[in-house]
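Asker: Return a 3D structure for these sequence lines:
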Amino acid sequence: MAVFKLSRVDFVFTSLGLVFLLLDIVSDVYAVVTFYNEKAYVCLGFLLLFLVGSSVLVQAFSWLWYSYEDFKRETTVEKCLSPRQLSLLHVLQLGIYFRHAGVFELSARSYFTKLEEAENAGDFAVYLSHDLSMLRLIETFSESSPQLVLMLTIILQRGQLDPETVLKAIGSALAIACSVTMYHRSLRSFLPDKKKQHVMSSVVYFLWNLLLIAPRLTALALFASVLPCFILTHFICSWMVLFFFAWRSQTSLMDSTCGEWLYRATVALIWYFDWFNVVEGKTRYRTLLYHGYILADISLLCSLYCWMKMSPEPPYFDTSVSYAIITAVSVVAVYVLGLFSKMIYYKRFHPNLTKEEKLKGGTAMDEVDLPLPSQEERDNSVQTRSMLCRVDVSPPAPDIKRCNKRMRKLAENFYS
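Answerer: Here you go, the predicted structure:
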């Protein structure tokens, strides 16, 4: 029997994810063409930096995870390529799309085949989707979040608040929060059945992430709209501080030293926008320190925005001081509201597992608990000797092998 099951909701999200991926490519191309036609070359340069940098980062993680598994390919889509061809596709920035296609193939197969084969396909589809959810999370904070900051900065500088632009910005913020929530759904799949979370937990998780991420991005956009030359300095200095703490956290997600350093650098990038659990154990004090730092940073960015708006010199004297103050105070207030929402989630919905309680997808020795036979039994019973062999040296059962150890490690960090 499979450890993980692919639900209909997951199948729908998998199908929509592939569609939205293609739509995202179209919208990115449209944005690039628009900036080029408007001769907004600075904005075009930043947009290309976000797109290319994010793509290279995501493809690097995807290739590393394939290499850790000796380029083992389970889907028909992936089997049509050799390991060398698969590596070449990652160099050409196309490897992630084959991951999407492979997950979609197994998801569809789980609904149109016999029961036993469907369980196996669904189990492995969940395994692949766990990697995919992590890659989406990396893409969210390396491309979508900076892109939304750029969009908001342009809106503030141009003073254009037409309904289409506002709705597009709100939709982008909702998409970012949805991506984080889908990552949360992947973590939930590792919970024991008795600890399963109610759907309301995902709603509250989505809400507090939206209330924390939106003001963070808005504060960065407010600062960039009045001091655009310093936003890059702010990012580099903040990232270096966060990278130091990621290094001091002694993370252990990747199977290679270079991969681990890349992961820590990515964690620092994610922390620039939102909190992310990276170590197992109680993280209350780390979380308080992080949110205190981000709240102080948001307050500083909003204060600089108000201060620049008080200047009588153009182009800053284009908004009333009271409007700037109200905007800044609202941003900080929404972030504080998000902190209260996060407290509600951890108080009412978050299951803290004890040391005796194990997540799904443990090792073979975690799952098998057979008593060791005596010397007489080992000598006289072939069946017992077979059992002993199975306990000591046999590989894990297929359903245990299909546990995604990276996502399980992240689930341990989140639920411990």
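
Asker: Please read off the pLDDT at T327 from the model.
Answerer: Predicted confidence (pLDDT) for T327: 89.

Asker: Quick check: it touching A219?
Answerer: No: judged on CB atoms under 8 Å, T327 makes no contact with A219 at a distance of 10.0 Å. The way it works is simple: take the backbone N, C-alpha and C, and place the C-beta from them, glycine included.

Asker: anything in contact with each of these two?
Answerer: Residues touching both T327 and A219 by CB atoms under 8 Å, 6 or more residues apart in numbering: C302.

Asker: more neighbours, these two?
Answerer: A219 (26 against 17; other CB atoms under 10 Å).

Asker: Secondary structure element holding that one?
Answerer: Per DSSP states H and E, A219 falls inside helix 199-226.

Asker: Just the mean pLDDT for that helix, thanks.
Answerer: Across helix 199-226, pLDDT averages out at 89.

Asker: Past it, which element shows up next along the chain?
Answerer: For helix 199-226, the following helix or strand on the C-terminal side (DSSP H and E) is helix 231-248.

Asker: now that following helix, how far from the chain's geometric center?
Answerer: Centroid separation for helix 231-248 versus its chain: 19 Å, with CA atoms, centre = their mean, to the nearest Å.

Asker: got a list of contacts for it?
Answerer: Residues from elsewhere that reach helix 231-248 (CB under 8 Å, 6+ apart): 220, 223-224, 264-265, 267-269, 271-272, 278, 297, 301.

Asker: Stretch 329-343 now?
Answerer: Applying CB under 8 Å, 6+ apart, the external contacts of stretch 329-343 come out as 204, 207-212, 214-216, 218-219, 222, 291, 294-295, 298-299, 302.

Asker: What of stretch 56-65?
Answerer: Applying CB under 8 Å, 6+ apart, the external contacts of stretch 56-65 come out as 87, 90-91, 93, 95-96, 99, 131, 134-135, 138-139, 142, 254, 256, 259, 262-263, 266, 406.

Asker: hang on, the earlier thing: who does the helix holding A219 touch, helix- and strand-wise?
Answerer: For helix 199-226, the contact count by 3 or more CB pairs under 8 Å, 6 or more residues apart in numbering; DSSP states H and E identifies helix 145-158, helix 163-188, helix 231-248, helix 284-309, helix 321-348 as packing neighbours.

Asker: picking that back up, and the two most separated of the contacts of helix 231-248?
Answerer: Spanning the widest gap among the contacts of helix 231-248 are A224 and V278, at 27.6 Å by CB to CB.

Asker: low-scoring stretches of the stretch 251-400 of the chain, by residue?
Answerer: 281, 311-320, 352-400 (pLDDT under 70).

Asker: Pretty sure Y68 sits against L253.
Answerer: No: using CB under 8 Å, Y68 makes no contact with L253, being 10.8 Å away.

Asker: what's the most buried one of the helices and strands packed on helix 199-226?
Answerer: Comparing the helices and strands packed on helix 199-226 by mean neighbour count (mean count of other CB atoms under 10 Å), helix 145-158 ranks first with a mean of 20.

Asker: tell me the angle it makes with helix 321-348.
Answerer: Counting by axes from the mean of the first three to the mean of the last three CA atoms, to 10 degrees, helix 145-158 lies at 160 degrees to helix 321-348.
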